[in-house]
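Chemist: Provide a 3D model corresponding to the input given below.
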Amino acid sequence: MPLPTRQIATFFLRVLLLLVPVLVLWFWLRNYVVVPVAWLAEETMSLFFSDWVQGSELNGVSQTLLTSLRIPHVSGRVAELTPEAQLLNYCYGLPLLMALLLAAHSPSMWRKLALGALLLTPFQAWGVCFSWLMTIAFHVREATHATTQFSSIQLNLIGLGYQIGVLLLPTIAPVLLWLHLDRVFVTTLVGDQTLTAAKPQVQQ
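Modeler: Numbers count the residues shown, from 1 in each chain. Just a heads-up that it's a prediction; the model follows:
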């Protein structure tokens with residue numbers, strides 16, 4: 001195996017090995033990690049849907065959106081809709097970013113990690129907001145449509161936003177962020193691989 005290829009393989013092996021203890025640390029600190037995400041998700045929903053959003057409640061890693069939307073209850077009474085989101089489903093990009101920085105022996109790692117955590121927060125809050133919207137717009141649509149008045153285009157956008165927030169952003173956002181924060185390391189690693197591939201083969 002050529003040296004640059006071996007270096008890339010070794011790097012990704014380090015990432016996988018480091019990801020285990022980093023995930024343990026992240027899970028141990030989970031109640032603190034989700035606080036900024038929960039705050040931003042609540043503020044965003046209150047900004048865009050102030051007519052029926054009344055705030056939120058954070059209980060550990062579970063956040064409940066408080067609304068004035070009324071839905072029929074199984075008891076026959078009318079209850080206010082309070083959709084719930086599990087924040088860890090959208091926040092595992094932070095340990096992935098930390099594992100990448102550690103594996104790359106990144107200089108100023110703690111500064112980059114703090115910056116990365118800040119920049120990841122909007123992407124994580126995206127997932128939380130669209131999780132709530134998915135419940136409101138689709139799961140109880142018949143009961144909430146008179147108040148929300150979501151159009152067919154808005155419903156399609158909510159469905160798309162939910163898929164992006166669940167499937168793409170939690171993994172792609174931290175990787176792209178790491179590529180930017182450690183671009184010197186990435187350029188060196190990719191450059192070595194390119195130079196090796198471009199070397200002419202020695203004729204025997």
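Chemist: going forward, measure contacts between C-alpha atoms and count neighbours the same way
Modeler: Noted.
Chemist: low-confidence regions, the chain specifically.
Modeler: Within the chain, the segments meeting pLDDT under 70 span 1-4, 73-76, 191-204.
Chemist: what ranges do the helices span in it?
Modeler: Taking DSSP state H, the helices of the chain run over residues 3-28, 30-33, 35-48, 88-91, 93-103, 109-134, 141-148, 152-163, 169-181, 183-198.
Chemist: which one of these lies closest to Leu81?
Modeler: Between Leu81 and the helices of the chain, the tightest spacing by C-alpha to C-alpha is seen for helix 141-148, at 8.9 Å.
Chemist: would you mark the buried spots in that closest one?
Modeler: 141, 143-144 (16 or more other C-alpha atoms under 10 Å).
Chemist: can you list those in a markdown table and add distance to Trp28?
Modeler: Below are those laid out as a markdown table (distance: C-alpha to C-alpha, whole Å):
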| residue | distance to Trp28 |
| --- | --- |
| Arg141 | 37 |
| Ala143 | 39 |
| Thr144 | 37 |
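Chemist: out of these, which is nearest to Leu157?
Modeler: Ranked by distance to Leu157 (C-alpha to C-alpha), those are led by Arg141 at 15.0 Å.
Chemist: need the contact list for that closest one.
Modeler: Contact analysis of Arg141 by C-alpha atoms under 8 Å, 6 or more residues apart in numbering lists nothing.
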